[in-house]
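1. Build me a structure from this.
(chains A and B)
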Amino acid sequence: MATDTDTGRASGESGFGRVSRLRGQLFESLTLGASVFGIVALAVLLAYVFWDAFGLAAAEPGWYVVFAGLTLLPAVVFVWYARRHPAVGETSLELVSTALAGVLGGFGLVAVLEVIAGDEVWFTYFCTVVAPLAGLYVYGRLDRTATWIGVGSLVALVGGPIVGTLLLGPLTTVAALLGAPLVYLLTVVVPAAGIVRYVVDDRLGLGNGNYAAAGLLAVAVLGVPLVDRTGVARSVWLLFVTALAPTALVVWNNVADSRWPGVVGPAGVAGGLAATVVVTDLVGITGPAPWFDWQYVTSDPSQTAADAGLYPAIIGSVFVIVLVAVTTLVVAIGAAVYLEEYAPTSGVAGAFARLVRINISNLAGVPSVVYGLLGLGVFANLANLGVGTVITAAFTLSLLILPIVIISAREAIQSVPDSLRQASYGMGATRWQTIRRVVLPQALPGTLTGTILALGRAIGETAPLIMIGVATTAFSPPSGLFSRTSAMPMQVFVWSSYPSEAFQHGVVAAGVVTLLIVLLTMNSIAILVRNKFERETH
Amino acid sequence: MSRDTTQTESGTDPTEPSTDPTEPSTDTAGSGTDGADPRADADQLVDTDPGGGGLSERERRETAATEPVVTARGLDVYYGDTQALDDVSIQIPANRVTAMIGPSGCGKSTFLRSINRMNDLVDIARVDGELFFQDAEIYADEVDPVALRRQVGMVFQHPNPFPKSIYDNVAYGLRVQGRTDDLDAVVEESLRKAALWEEVNDRLDETATGLSGGQQQRLCIARAIAVDPEVILMDEPASALDPVATSKIEDLIAELAESYTVVIVTHNMQQAARISDRTAVFLTGGELVEYDRTEKIFENPESQRVEDYITGKFG
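-> Have a look, this model is predicted:
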């Protein structure tokens, strides 16, 4: 820029003349406009949605003053501080995403234990899938020379559900004999005690892990009757535990050294929010009247806006998305490994691989409605999995994101340096050993990031769900793979067509916010996972 | 994908004709010694006495040929239509250091990669002629290249440790081969042999990518010798390292030759002169021009072309 502003004297004297920069400057402003346009449009939309969802119109000006002073100010100060200290920002990101992951994991656990499976079915699959997998993992950690652990885990993962379905009758009888409390004790509390023992003893070195594990057992056994007296549901307590325990671990790891502001910052912001509520209550200032609140997340849909909730749709969406994640990851990694590592470059097989590659790239651009049609034809009708069931929705959405995930997995595998493969082959490793020990561990972070971002897209899809006949409104959450379900975007979509103002502006906005929160949670977990793996491999 | 058709490691693109002919002779980077200018001494083309190079105490081994480990007879290698090796015949003796020198693209890396069949990974590579490892023909149909590579270790031009811990890097080959008895002892012994144990014994669990370049290359050597191969192939192992690290690697190669057969490709003629017992000179077109005792090659080569190459005239 200096040449066309401050060299007037020099150019005037030397007679070089001037070169016009007009077109370039025009282009520069255009590109700036293009980049800002999307962000501004999205920001306006989001501000509008949040305004409605949290009912901010109802709040008095005084509330805004208190909110700005107690919540926004600490938040801004912390962000400013974190920008100057990257380690602090990283810590707070880890803290927040761990807490979110804990909430999501606890939510999933509650959904599986109480809503979808119930204690007897859960016990069956625990015995045939979870317990063998955990056993193999522990054995693999103890006996480093066992080479069959990976294959065994795969067999357990694939064969376990089949065996479980076959043995559903006898095992549910066993579970009924044990009774729900004993089932939960065996399948949730005891494994949790094992994890606590490992964390306390081996990871933190805090002392004897056996006491900690025994303590957890005692707390769980004695705590449940106490908890029942508080009037807050057991599932909510479980959520607290799954969110707070890993968070506490992160706090413990970071609080000791110079990264402690990363822990204090988010805590301060959360405390500021709590203080805002308390102060406005005491002074008597009217706060906002949010549509997005605890009642909204835990109620069934209703004809009256005040009672309406998203609970069955949230459970449905999360259930579907977990299945999508599992099926997609397995198929996509398989496809990507074949295309990148095994497929020959010449001959008939080479031509076939080329055809597959080109088509996968094209499939990524096929409209989602078309996938819905495919799901309706293949899964719902041909395979007879049922119209609008969880499994049909999961398979359809899997197909929808499969091309994207395959592409990201392929890119991750491509980015593994060839010198590492050569080193492995040079050591006398077979192709399988090279893939298993060198390529996949390196490619996993990239693949996981791509998968979770694609899952974010799947959870918001509406068109294919309409096609396969997913219910717009369900009054109970799905109870199994073949049970009919609803999904968050479907529910939001149908509410938006209700005539009442309260639905159109309040309930729909709250639904959008719920979706966004689930999405952002998944994204922050993706970042957490990637950072974790990158730290381990580099 | 295109990955299979290119050799990123060797630095000699087989499809490319020989590059700048003056480059190899002027490449003295990483020599570790301030060697005499080869052209200044009429009797001796290159100084074969290492002087201060750290090898002065080494007693030069008796250079008479021992039992040949690798024997080539009329070996031709093609990449597609390009011929990379032309009728190469050579006998590489056991427990000696054999150096391969020559300009870029002359086929020395190709020859190295033929010995452990790494060329199999290149789809368009084709091999004619006879190549024996001890008494077994390497390119016979019944030979499993994976089993062959377990006898023939390889060290590459750029250090390429796995992004795992130092311990896991050294244990990799043993685990791959299922030889996990006494893993700790073998890892320690290999690191000691590679002169790395003292530097890393307190941080075996740390990631190998945190080591310096020279340490990484010695780790790669430790990784290669952990599985106790018959032959170790080294493809310009010091060309990416600084002089100090190079000197350490050269010391190490000399020690390794006591228990292993070492075949080393190098661009650095002084290095070849310092560390090798025998030297093979490849020139453009994949032709093995001369192969003899190192002293003979550097002091009194038969071929005028070799003399021109060594003195930097390159005929």
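
2. Once you drop chain neighbours, what's closest to the closest residue to chain A within the stretch 201-315 of chain B?
-> Nearest residue of the stretch 201-315 of chain B to chain A: residue B:209, at 6.1 Å (CB to the nearest CB). Any C-beta I mention is one placed from the backbone N, CA and C, and that applies to glycine too. Once flanking residues are discounted, residue B:209 sits nearest to residue B:163: 5.3 Å by CB to CB, 6 or more residues apart in numbering or on different chains.

3. Could you report the neighbour count for that neighbour?
-> Look at residue B:163: counted by other CB atoms under 10 Å in any protein chain shown, it has 20 neighbours.

4. now swap in residue B:170 and tell me
-> 31.

5. Next up, the contacts around it.
-> Residue B:170 makes contacts with B:186, B:187, B:190, B:191, B:219, B:222, B:223, B:226, as judged by CB atoms under 8 Å, 6 or more residues apart in numbering or on different chains.

6. returning to that earlier point: what's the burial count for the residue of the stretch 201-315 of chain B closest to chain A?
-> 15.

7. for the one 4 residues further on, same thing?
-> For residue B:213, the tally of surrounding residues (other CB under 10 Å) stands at 14.

8. same thing with residue A:42?
-> 10.

9. which SSE is the closest residue to residue B:272 other than its chain neighbours in?
-> Of all residues not flanking residue B:272 in the chain, residue B:99 sits nearest, at 3.8 Å (CB to CB, 6+ apart). Residue B:99 belongs to strand B:97-101 when assigned by DSSP states H and E.

10. what does residue B:75 give?
-> Counting by DSSP H and E, residue B:75 is found in strand B:68-79.

11. so how many other residues sit close to the residue nearest to residue B:164 when sequence neighbours are not counted?
-> Leaving aside its sequence neighbours, residue B:164 sits nearest to residue B:208 (CB to CB, 6+ apart; 6.5 Å). The tally of other residues near residue B:208 (other CB under 10 Å) stands at 24.

12. And residue B:300, by the same measure?
-> 12.

13. And it, how far from residue B:310?
-> 11 Å (CB to CB, to the nearest Å).

14. give the contact list for residue B:91.
-> By CB under 8 Å, 6+ apart, the neighbours of residue B:91 are B:65, B:68, B:70, B:71, B:72.

15. repeat that for 10 Å
-> B:65, B:67, B:68, B:69, B:70, B:71, B:72, B:73, B:98, B:132, B:278, B:291 (CB atoms under 10 Å, 6 or more residues apart in numbering or on different chains).

16. Tell me how far the helix or strand that comes right after the strand holding residue B:99 lies from the chain's centre.
-> Next helix or strand after strand B:97-101 toward the C-terminus (DSSP H and E): helix B:108-115. Distance of helix B:108-115 from its chain centroid, counting by CA atoms, centre = their mean, to the nearest Å, is 9 Å.

17. likewise stretch A:107-124?
-> On CA atoms, centre = their mean, the centre of stretch A:107-124 falls 19 Å from that of its chain.

18. could you give me the average pLDDT of it?
-> For stretch A:107-124, mean pLDDT rounds to 77.

19. swap in stretch B:218-227?
-> Here the average pLDDT along stretch B:218-227 is 91.

20. lowest confidence element among the helices and strands of chain B?
-> helix B:23-26 (a mean of 39; mean pLDDT, DSSP states H and E).

21. what's around residue B:247, how many residues?
-> Residue B:247 has 24 nearby residues by other CB under 10 Å.

22. doesn't it fall inside a helix?
-> Yes: counting by DSSP: H, G, I helix; E, B strand; the rest coil, residue B:247 is part of a helix.

23. is it true that it touches residue B:268?
-> No: in this structure, residue B:247 is not within contact of residue B:268 by CB atoms under 10 Å, at 12.0 Å.

24. quick one, helices of chain B?
-> B:23-26, B:108-115, B:145-149, B:166-176, B:183-193, B:197-200, B:213-226, B:243-256, B:269-275, B:294-299, B:304-311 (DSSP state H).

25. how about those helices, which one is nearest residue A:360?
-> Comparison of these against residue A:360 by CB to CB identifies helix B:145-149 as nearest, at 30.4 Å.

26. Tell me if that closest one is near chain A.
-> Yes: using CB under 10 Å from any CB of the partner chain, helix B:145-149 reaches chain A at B:145, B:146, B:147, B:148, B:149.

27. List the contacts of the first one.
-> For residue B:145, the contact set (CB under 10 Å, 6+ apart) comprises A:425, A:428, A:430, B:116, B:117, B:118, B:119, B:120, B:121, B:138, B:139, B:152.

28. try 8 Å
-> B:116, B:117, B:120.

29. Kindly report the same for the third one.
-> With contacts defined as CB under 8 Å, 6+ apart, the neighbours of residue B:147 are residue A:428.

30. Which pLDDT value goes with it?
-> Reported pLDDT for residue B:147: 89.

31. quick one: it from residue A:439, how far?
-> For residue B:147, the distance to residue A:439 - CB to CB - is 21 Å.

32. Likewise for the second one?
-> Summarising the geometry, the distance separating residue B:146 from residue A:439, computed by CB to CB, is 16 Å.

33. What residues of the strand holding residue B:75 count as buried?
-> B:68, B:69, B:70, B:71, B:72, B:75, B:77, B:78, B:79 (16 or more other CB atoms under 10 Å in any protein chain shown).

34. and residue A:356, how many neighbours?
-> 15.

35. Which strand or helix spans it?
-> Residue A:356 belongs to helix A:347-363, assigned by DSSP H and E.

36. Tell me the buried residues in that helix?
-> A:353, A:357, A:360, A:363.

37. Convert that helix to PDB, retaining C-alpha atoms only.
-> What follows is helix A:347-363, C-alpha atoms only, in PDB (Å, rounded to 0.1, in the frame of the first residue of the first chain):
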ATOM      1  CA  GLY A 347      -6.000 -53.600 -14.200                       C
ATOM      2  CA  VAL A 348      -9.700 -54.300 -13.700                       C
ATOM      3  CA  ALA A 349      -9.500 -53.900  -9.900                       C
ATOM      4  CA  GLY A 350      -7.700 -50.600 -10.400                       C
ATOM      5  CA  ALA A 351     -10.400 -49.400 -12.800                       C
ATOM      6  CA  PHE A 352     -13.100 -50.500 -10.300                       C
ATOM      7  CA  ALA A 353     -11.400 -48.600  -7.500                       C
ATOM      8  CA  ARG A 354     -11.100 -45.500  -9.700                       C
ATOM      9  CA  LEU A 355     -14.900 -45.700 -10.500                       C
ATOM     10  CA  VAL A 356     -15.700 -46.100  -6.800                       C
ATOM     11  CA  ARG A 357     -13.500 -43.000  -5.900                       C
ATOM     12  CA  ILE A 358     -15.100 -40.800  -8.500                       C
ATOM     13  CA  ASN A 359     -18.600 -41.900  -7.500                       C
ATOM     14  CA  ILE A 360     -18.000 -41.400  -3.800                       C
ATOM     15  CA  SER A 361     -17.000 -37.800  -4.500                       C
ATOM     16  CA  ASN A 362     -20.200 -37.400  -6.600                       C
ATOM     17  CA  LEU A 363     -22.400 -39.000  -4.000                       C
END
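
38. Counting by contacts, list what that helix packs against.
-> helix A:390-414 (3 or more CB pairs under 8 Å, 6 or more residues apart in numbering or on different chains; DSSP states H and E).

39. what is the orientation angle of the helix it packs on with helix A:347-363?
-> With axes from the mean of the first three to the mean of the last three CA atoms, to 10 degrees as the basis, helix A:390-414 and helix A:347-363 are set at 120 degrees to each other.

40. Helix A:390-414 near chain B at all?
-> Yes: using CB under 8 Å from any CB of the partner chain, helix A:390-414 reaches chain B at residue A:414.
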